[in-house]
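Asker: Provided below are the primary sequence and the corresponding predicted coordinates.
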Amino acid sequence: MKLQPIGHVESPLTDRSAAPRQADEGAPEALLVFAPEYARAMRELRPGQEVLVLTWLDRADRSVLAVHPRSDPDRPETGVFSTRSPDRPNPIGLHHVRITAVDGLGVRVAHLEAVDGTPIVDVKPVLGRER
């Protein structure tokens, strides 16, 4: 199995520990920057469209199998497959965002909680509804 990054995130978020845990907790706009060889793949992306961005959480601890949700020691330890923890065996991030602008190889999106430099693995449309 081989994953190939298709681009990276440019974001004002640079510190993982200070980043919002979820998009609705104050995540800023960010720029998805695609590698030139993927220009054809992004051609139909448009402002207003909702997409799912899959990222590789490259700063994650891949040995973690259980966490206290939201790092709260009062919550019972829970297996990572039942949480949104970035620390997990295969740290794939899933981000539901809305495109606000497209300019060349850059796609600006609203409310992305990924930190600057995070590799992008894929982008998929949200089907069945538009905002």
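Answerer: Cool, the structure landed.
Asker: From the contact counts, what lies against the strand ranked longest in the chain?
Answerer: Ranked by number of residues, the top strand in the chain under DSSP state E is strand 92-103. Under the contact definition 3 or more Cβ pairs under 8 Å, 6 or more residues apart in numbering; DSSP states H and E, strand 92-103 sits against strand 50-56, strand 106-110. Placement of C-beta: from N, CA and C, glycine included.
Asker: Residues touching the helix or strand following the first one, excluding its own?
Answerer: The one in question is strand 50-56. Scanning the chain past strand 50-56 towards its C-terminal end, the next helix or strand to appear is strand 66-67 (assignment: DSSP states H and E). Counting by Cβ atoms under 8 Å, 6 or more residues apart in numbering, the neighbours of strand 66-67 from elsewhere in the structure are Glu77, Thr78, Gly79, Val80, Thr83, Ser85, Asp87.
Asker: Apart from its chain neighbours, what residue comes closest to Val126?
Answerer: Distances taken as Cβ to Cβ, 6 or more residues apart in numbering place Glu50 nearest to Val126, at 4.0 Å, with adjacent residues excluded.
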